[in-house]
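# Dropping a prediction and its sequence here:
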Amino acid sequence: MVTLKQLDSQLSSSTTSQSHLSSLNAPIEGLFLIDDFISEREEFELINSIDLCEWSGNGIPPNPEMKRRTQHYGYEFSYRYRKVVQNLGKLPTFLDFLIKRFIEKKIIQPIEEEYPNMCIINEYQVGQGIMPHTDSPEMFGPVILSLSILSSCLITFTHIQDSTNQSIILLKPRSLLIMTKSSRFDYKHSISKDAVEYYNGEEIKRNRRVSLTFRTIMEFNENDENMGKGGCKFNNNNVQYKLTK
Ligand SMILES: O=C(O)CCC(=O)C(=O)O
Ligand SMILES: [Fe+2]
């Protein structure tokens, strides 16, 4: 796994990412934003590949109860049972260039067993958002990567123990949000349903937005009784930034 210390120093020693990182005006420990992580052409090709695939949600299995449409790769996550329910095998090839870029930009280590092995693609139509949540520390590794495409929106980080400690970040299309450390474990993040949002006095009209969230599941065996919550044996206990309950 990328140690968080390494990620920190890798990101801050890279000149390209440094200029982007400083554009985050509401810093939270371990939270990074890289604008223009992909080109417009890549965004176009990505959405074409995604839309050729099956969306679930909105009456369609495996998550028919979800209003928001999603696609799950690597592992299938059940929102109803709040756990990973199935290993789906390798990520599709149309995501290969992103994994390659995570390595090139030194966001992840070039160690195959440690590459993100799960990607959930979320679609937000106008009027759709995501409730405040922390991505399960029991199920998923310490680094969460989320690429936004098509439309901008605001994401709000709220500290679990102090709801007045809030930061709002503008996610532009083609930007990559990197959540590690405190931002990943001590905060909830959410996206509103508002069709229009305001950021630094500027109006942000929400349109169809798609995000690709990459996570790492270390081990999965749905029949193993020793598996932790979610059917995954991921030990995040040694993560210094895990909030103590
Ligand atoms: O759409 C996003 O950018 C965030 C998605 C998210 O937080 C999640 O799927 O857990
Ligand atoms: Fe999340």
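Thanks, I have it. Residues are numbered from 1 along each chain as shown. Ligands and ions are numbered 1, 2, ... in the order given.
# which element is I204 on?
Here I204 sits within strand 202-205, counting by DSSP states H and E.
# How far off centre is stretch 54-74?
17 Å (CA atoms, centre = their mean, to the nearest Å).
# hmm, it touching ligand 1?
No. Stretch 54-74 is not in contact with ligand 1 by CB under 6 Å from any ligand atom; minimum separation 8.2 Å. The C-beta positions use only the backbone N, C-alpha and C, and glycine is treated the same way.
# what sits up against the strand holding I204?
152-154, 170, 195-198 (CB atoms under 8 Å, 6 or more residues apart in numbering).
# Give me the distance between the closest residue to S192 other than its chain neighbours and ligand 1.
Nearest residue to S192, sequence neighbours excluded (CB to CB, 6 or more residues apart in numbering): G129, at 4.9 Å. Applying CB to the nearest ligand atom, to the nearest Å, the value for G129 to ligand 1 is 9 Å.
# Surely G129 and E197 touch.
No. Judged on CB atoms under 8 Å, G129 makes no contact with E197 at a distance of 10.2 Å.
# so what sits against both of those two?
With CB under 8 Å, 6+ apart as the test, G129 and E197 both reach C153.
# show me where the protein has helices.
Using DSSP state H, the helices of the chain run over 4-13, 15-21, 40-51, 96-104, 181-185.
# Which strands or helices does the longest one pack on?
The reference is to helix 40-51. Applying 3 or more CB pairs under 8 Å, 6 or more residues apart in numbering; DSSP states H and E, we find helix 40-51 packed against strand 144-149, strand 209-215.
# make it 7 Å
strand 144-149 (3 or more CB pairs under 7 Å, 6 or more residues apart in numbering; DSSP states H and E).
# how about the residue lying closest to I120 once chain neighbours are set aside, what does it touch?
Excluding the flanking residues, the one nearest I120 by CB to CB, 6+ apart is T213, at 5.1 Å. For T213, the contact set (CB atoms under 7 Å, 6 or more residues apart in numbering) comprises 119-120, 122, 144, 146.
# cool, and E123?
Contacts of E123 by CB under 7 Å, 6+ apart are 55, 68-69, 208, 210.
# Among the residues you listed, name the buried ones.
Buried residues within those, counting neighbours by 16 or more other CB atoms under 10 Å: 68-69, 210.
# Looking at this protein, what residue ends up closest to ligand 1?
Going by CB to the nearest ligand atom, ligand 1 is nearest to S211 of the chain, at 3.3 Å.
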